[in-house]
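1. Sequence and predicted structure, then a few things I'm wondering about:
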Amino acid sequence: MSGHSKWANIKNKKEKADSQRGKIFTKIGREIAVAVKSGGPNPDANAKLRDIIAKAKAANIPNDNIERSIKKAAGDGDTANYESLMYEGYGAAGVAIIVEALTDNRNRTAGDMRHLFDKHGGNLGQTGSVGFMFDRKGVIVIEKNDKISEDDLMMLALDAGADDFSAEDECYEILTAPENFSAVREKLESEKLELAEAEIKYVPQNYVHVEEEVAAKLTRLIDALEDNDDVQNVWTNWDEE
């Protein structure tokens with residue numbers, strides 16, 4: 001497998017996350033709240049919560065913040081009822097975009113999404129308009145280090161149930177089926193391996209290359225979407241390299 005991992009993009013996202021730490025905390029805190037309300041505050045008994053905690057740790061969110069979010073959601077501190085929504089559309093040059101939102105007001109969020117796509121040269125599509133271009137996958141990224149060899153890591157991941165393994169310039173990428181993600185992630189964590197990324201996401205089947213001017217438009221649209229309080233994740237098939 002090759003082409004799925006964009007380590008430069010991951011580093012760019014981490015740099016952006018560093019500059020928007022508060023917003024990242026808020027978004028993941030919202031995911032924690034939804035997971036706690038649906039499955040309880042005990043990670044040992046709530047697989048979804050365990051996965052989100054792993055995502056939070058990969059985003060360098062301190063354990064204290066994670067614990068506070070869980071306790072808040074388990075009590076009466078957060079009474080909002082969030083609804084998970086998916087939006088699909090196109091950016092400049094026909095780049096496919098999937099937006100995942102958690103909202104307590106679907107009319108507000110739908111209006112915001114339509115406005116942002118229109119403002120930045122895209123258009124919001126119907127459900128299913130671009131989803132067929134992506135596969136739902138568990139994605140785990142580990143930076144190369146001296147703790148484990150490539151062969152040992154590959155065997156560890158595949159034995160735990162991973163579908164695919166690839167070595168990029170600066171990292172290893174492991175892909176799983178969504179239902180096997182937790183088991184693979186937990187096996188890697190049990191070996192004290194630090195995960196640079198760990199989440200279930202939409203992986204493009206193919207990537208689209210665009211010109212510099214189009215890339216600038218796409219960047220503005222994606223930034224605007226990610227800055228929206230209701231948006232949790234944005235996935236595209238744009239090859240940013």
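-> Happy to help now that I have it.

2. hey, where'd the strands end up in this protein?
-> Ranges of strands within the chain are 83-90, 96-103, 123-124, 134-143, 164-167, 171-176, 197-204, 231-236, based on DSSP state E.

3. any chance of the ones you listed in TSV, plus mean pLDDT, distance to Gly22 and mean neighbour count?
-> Bear in mind the C-beta positions are built from the backbone N, C-alpha and C, glycine included. Shown next, in TSV, are those (pLDDT from 0 to 100; distance: least, C-beta to C-beta, whole Å; neighbours: other C-beta atoms under 10 Å):
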stretch	mean pLDDT	distance to Gly22	mean neighbour count
strand 83-90	96	22	18
strand 96-103	96	17	22
strand 123-124	96	28	15
strand 134-143	96	24	19
strand 164-167	95	33	15
strand 171-176	96	27	23
strand 197-204	94	20	20
strand 231-236	95	15	20
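
4. any chance of those strands in a markdown table, plus distance to Leu225?
-> What follows is these, written out as a markdown table (distance: least, C-beta to C-beta, whole Å):
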| stretch | distance to Leu225 |
| --- | --- |
| strand 83-90 | 9 |
| strand 96-103 | 6 |
| strand 123-124 | 11 |
| strand 134-143 | 16 |
| strand 164-167 | 28 |
| strand 171-176 | 24 |
| strand 197-204 | 14 |
| strand 231-236 | 5 |
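
5. So which of those is nearest Arg30?
-> Among the strands of the chain, strand 96-103 comes nearest to Arg30, with 5.3 Å by C-beta to C-beta.

6. quick check: angle from the closest one to strand 134-143?
-> 80 degrees (axes from the mean of the first three to the mean of the last three C-alpha atoms, to 10 degrees).

7. so what strands line up beside strand 96-103?
-> strand 83-90 (antiparallel), strand 231-236 (antiparallel) (DSSP bridges).

8. coming back round to it: right, and the strands of the chain - which one's nearest Lys27?
-> Closest among the strands of the chain, once you apply C-beta to C-beta, is strand 231-236, at 5.6 Å.

9. Name the residues that touch the closest one?
-> With C-beta atoms under 8 Å, 6 or more residues apart in numbering as the test, strand 231-236 has contacts from 27, 30-31, 91, 95-102, 134, 201-204, 218, 222, 225-226.

10. quick one: that strand to chain centroid distance?
-> Centroid displacement of strand 231-236 relative to its chain, using C-alpha atoms, centre = their mean, to the nearest Å, is 7 Å.

11. what do you get for stretch 151-161?
-> With C-alpha atoms, centre = their mean, you get 23 Å for stretch 151-161.

12. contacts for that stretch?
-> With contact meaning C-beta under 8 Å, 6+ apart, stretch 151-161 is reached by 140, 142, 148, 165, 172, 174, 176-177, 180, 183-184, 187-188, 191, 193.

13. which one among these gets closest to Ala45?
-> After measuring the contacts of stretch 151-161 against Ala45 - C-beta to C-beta - the closest member comes out as Ala183, at 15.9 Å.

14. So for the closest one, what's the nearest residue that isn't a sequence neighbour?
-> Among residues not flanking Ala183 along the chain, Gly161 sits closest, at 5.3 Å (C-beta to C-beta, 6 or more residues apart in numbering).

15. For that neighbour, grab phi and psi.
-> When read as degrees, to the nearest 10, the backbone of Gly161 gives phi 120, psi 10.

16. go on, Asp169?
-> In terms of degrees, to the nearest 10, the main-chain angles of Asp169 are phi -60, psi -40.

17. how deep is it tucked in, by neighbour count?
-> Using other C-beta atoms under 10 Å, Asp169 has 8 neighbouring residues.

18. One more: Leu158?
-> Using other C-beta under 10 Å, Leu158 has 14 other residues around it.
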